[in-house]
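pasting the structure only:
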């Protein structure tokens, strides 16, 4: 365990619509879940405005400190889609029309009304030296440059790009989560949780309270890259909760 | 407009449960919406792990570059609640038991089973020199130190702390949003959008596509601190869309 390589990623969510509160973000949870399945740990997320400098600063800070960096948003055909320009500037390379992306768009729009307009052709622009990420959903591809993966902001399109990428990135073991729920005020079981975590190096236990049906409760999430250890710790925690008079529910409440 | 003071805030969301994908964040949209009502612009969000250094680095980077910094998460009674310690370290001050917070918790738990246990008393700990933020929902207060506002992670509790804070922070004019929707592929109206934005300094237009009922569409969001200007630009955009053969819907689709 201790000597095993840990693979990390960060995510930059690009969009005024998230920062204004207009749009409820869906990409953080989606990218986080997908990364975990690839055995890659999401270490940080930054949500930044549609501003070239803010995007560039976040991209440069996080791409050097992580194995992978993902971005979502700002790669459509309109004037507020500036991610490609900002990432190119962050890498110090020019923006080019990618021949393969142009071909994909020509094929995609051949039989669609309007054809490949100048606005649509914007979606073939990439930083020089980039490769394309398949978009089975709606044609216009995502982009990879170095360790930076540029995805669409529309969650369904980002999902289809992630699906196409699955299994292609080097990663470690997925983090395994085991959840135990109980109708306990978390403050009443705080010592029990701390002791259980301390007794099991390589395990992290999170405590997530809820108030439901007029009563307190909490879910305790045991996380480890060692699935067997996570299971064992979960069973032990359930035993301790039972001994303390609670009726723990494995799988969570 | 141009010379008016702009008030800014950043948000640090603290929690492994968000980075693992287990929990769908609700606090970004909630804090963003509330800040806008206070006339304060949310410039950046960072989601960081339950790690003292990650929390401290984010807090110190963002509190100096914004008028206000908010955090959510990590102020409960369990071992994984380390926000207070991390923020105190970031400010270079010790953690103390805040007498007023202790009193609030004593009152809150007096008639509740178990009373004020050591675990619950953890929720009276604050960085030295901090003030309390009222929590009408569940007793345990939030914390303010300098320009940093430390809120709970449970969205309903964070909401009640925000509600209690409303109207007490200095801010500018709220950003006004006007939305116009149309059954248009955004690439077909990209030029029209760019021209409309360019013709109205002080206005930003965002374009947010959707795919629904088997068809394309997009909402165009006109944002400005000048409400009258936002309305006027929205009407003009709707006129242009109508002239281009679309059937725009003011208020959005």
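In hand now; what should we look at? The structure presented is a predicted model; accordingly, all values stated were derived computationally and were not measured. Residues are numbered from 1 along each chain as shown, chains lettered A, B, ... in the order given.

alpha carbons only for contacts and neighbour counts from here, please
Fine.

Any stretches of the stretch 1-150 of chain A with poor pLDDT?
Applying pLDDT under 70 to the stretch 1-150 of chain A flags residues A:1-3.

Could you tell me which residues of it lie near chain B?
For the stretch 1-150 of chain A, the contact set with chain B under Cα under 8 Å from any Cα of the partner chain comprises A:16-26, A:28-33, A:36, A:41-49, A:77-80, A:114, A:117, A:119-120.

Which ones among those residues map onto strands?
Assigned to strands by DSSP state E, the following of the residues of the stretch 1-150 of chain A next to chain B qualify: A:41, A:42, A:43, A:44, A:45, A:46, A:47, A:48.

tell me, how many neighbours does residue A:232 end up with?
14 (other Cα atoms under 10 Å in any protein chain shown).

which is the next helix or strand following whichever helix or strand it is part of?
Secondary structure from DSSP states H and E places residue A:232 in helix A:227-243. Using DSSP H and E, the helix or strand that follows helix A:227-243 in sequence is strand A:249-250.

Other residues contacting that following strand?
Here strand A:249-250 makes contact (Cα atoms under 8 Å, 6 or more residues apart in numbering or on different chains) with A:179, A:180, A:181, A:182, A:234, A:238.

Return the two entries of the residues you listed that lie farthest from one another.
Spatial extent of the contacts of strand A:249-250 (Cα to Cα) is set by the pair A:182 and A:234 at 12.5 Å.

ok, the closest residue to residue A:138 other than its chain neighbours - contacts?
Leaving aside its sequence neighbours, residue A:138 sits nearest to residue A:157 (Cα to Cα, 6 or more residues apart in numbering or on different chains; 7.1 Å). Applying Cα under 8 Å, 6+ apart to residue A:157 gives the contacts A:135, A:137, A:138.

same check, this time on residue A:81
Neighbouring residues of residue A:81 by Cα under 8 Å, 6+ apart: A:50, A:73, A:74, A:75.

Is it possible to get JSON lines of those that adds distance to residue B:149?
Converted to JSON lines, the contacts of residue A:81 look like this (distance: Cα to Cα, whole Å):
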{"residue": "A:50", "distance to residue B:149": "25"}
{"residue": "A:73", "distance to residue B:149": "29"}
{"residue": "A:74", "distance to residue B:149": "30"}
{"residue": "A:75", "distance to residue B:149": "34"}
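
These in helices, which ones?
Per DSSP state H, helices hold no members of these.

Buried ones from the contacts of residue A:157, can you make that a PyMOL selection?
Buried subset of the contacts of residue A:157, written as a PyMOL selection, criterion 16 or more other Cα atoms under 10 Å in any protein chain shown:
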select buried, chain A and resi 135
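
wait, which of the contacts of residue A:157 is closest to residue B:84?
Nearest to residue B:84 out of the contacts of residue A:157 is residue A:135 (Cα to Cα; 43.4 Å).

I believe residue A:158 is in a helix; please confirm or correct that.
Yes: looking at residue A:158 with DSSP: H, G, I helix; E, B strand; the rest coil, it is inside a helix.

for chain A, what spans make up the helices?
Under the criterion DSSP H, chain A contains helices at A:16-19, A:27-37, A:52-64, A:83-91, A:99-109, A:118-121, A:155-165, A:190-198, A:227-243.

Which strands and helices lie in contact with the last one?
Contact analysis of helix A:227-243 by 3 or more Cα pairs under 8 Å, 6 or more residues apart in numbering or on different chains; DSSP states H and E lists strand A:176-182, helix A:190-198, strand A:215-224, strand A:249-250 as its packing neighbours.

between these, which gets nearest to residue A:167?
Of all those, strand A:176-182 comes closest under Cα to Cα, at 17.7 Å.

What is the neighbour count of residue A:51?
16.

re the thing from before, adding mean pLDDT and mean neighbour count, write the helices and strands packed on helix A:227-243 out as TSV.
Shown next, in TSV, are those (pLDDT from 0 to 100; neighbours: other Cα atoms under 10 Å in any protein chain shown):
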stretch	mean pLDDT	mean neighbour count
strand A:176-182	95	22
helix A:190-198	96	17
strand A:215-224	92	21
strand A:249-250	94	16
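
Using JSON lines, lay out these together with distance to residue A:99.
Formatted as JSON lines, the helices and strands packed on helix A:227-243 follow (distance: least, Cα to Cα, whole Å):
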{"stretch": "strand A:176-182", "distance to residue A:99": "42"}
{"stretch": "helix A:190-198", "distance to residue A:99": "54"}
{"stretch": "strand A:215-224", "distance to residue A:99": "44"}
{"stretch": "strand A:249-250", "distance to residue A:99": "53"}
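
Residue B:126 is nearest to which of the ones you listed?
Counting by Cα to Cα, residue B:126 lies closest to helix A:190-198 out of the helices and strands packed on helix A:227-243; the figure is 18.7 Å.

and the closest one with strand A:215-224, angle?
Here helix A:190-198 runs at an angle of 10 degrees relative to strand A:215-224 (axes from the mean of the first three to the mean of the last three Cα atoms, to 10 degrees).
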